[in-house]
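Chemist: Fold the following for me, if possible:
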Amino acid sequence: MPVRIPAARGSETAIIGMAGVGCLAPFYMMLPGAEERLASQTTRWAPRWERNISHFAGPAERLALRAEPPTARAIKRIETRLHLEKMAQNCDRRIRWGFERVGMTPSA
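Modeler: Down below sits the predicted model:
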């Protein structure tokens, strides 16, 4: 009985497509005349992209404004929970002790 491979979902197709673009774009840019072709496509498509960017700019801005306060609070919590300065001083002390134990003097 033959093995049946399920059809790829949209997300799988998108991921494979992005991987292909990421892998093949450097090779495309090495071909002669790639810059001219890229420039011609940019002049052709840029106005369309600039018109359509307004669909994404507003929601992205609102998302960033909504996500910033919780992110800042989480970072503050992590900084207060982790005693980074104390940990760095302990690490430095242990390194210096190790140097002194083998008879070396650490440079400042």
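Chemist: Grab the most central residue of the chain for me.
Modeler: The residue lying closest to the centre of the chain (CA atoms, centre = their mean) is Gly22, at 13.9 Å.
Chemist: list the helices and strands the helix or strand that residue falls within packs on?
Modeler: Element membership for Gly22 (DSSP states H and E) is helix 10-30. On a contact count with 3 or more CB pairs under 8 Å, 6 or more residues apart in numbering; DSSP states H and E, helix 10-30 meets helix 34-52. The C-beta positions use only the backbone N, C-alpha and C, and glycine is treated the same way.
Chemist: Met23: neighbouring residues, count only.
Modeler: Actually, residue 23 is Cys. It isn't Met. 9 (other CB atoms under 10 Å).
Chemist: Let me fix that, I meant to ask about Thr80.
Modeler: By other CB under 10 Å, neighbour count at Thr80 equals 8.
Chemist: Please report how far it lies from Ala72.
Modeler: Applying CB to CB, to the nearest Å, the value for Thr80 to Ala72 is 13 Å.
Chemist: Sweet, I'm off.
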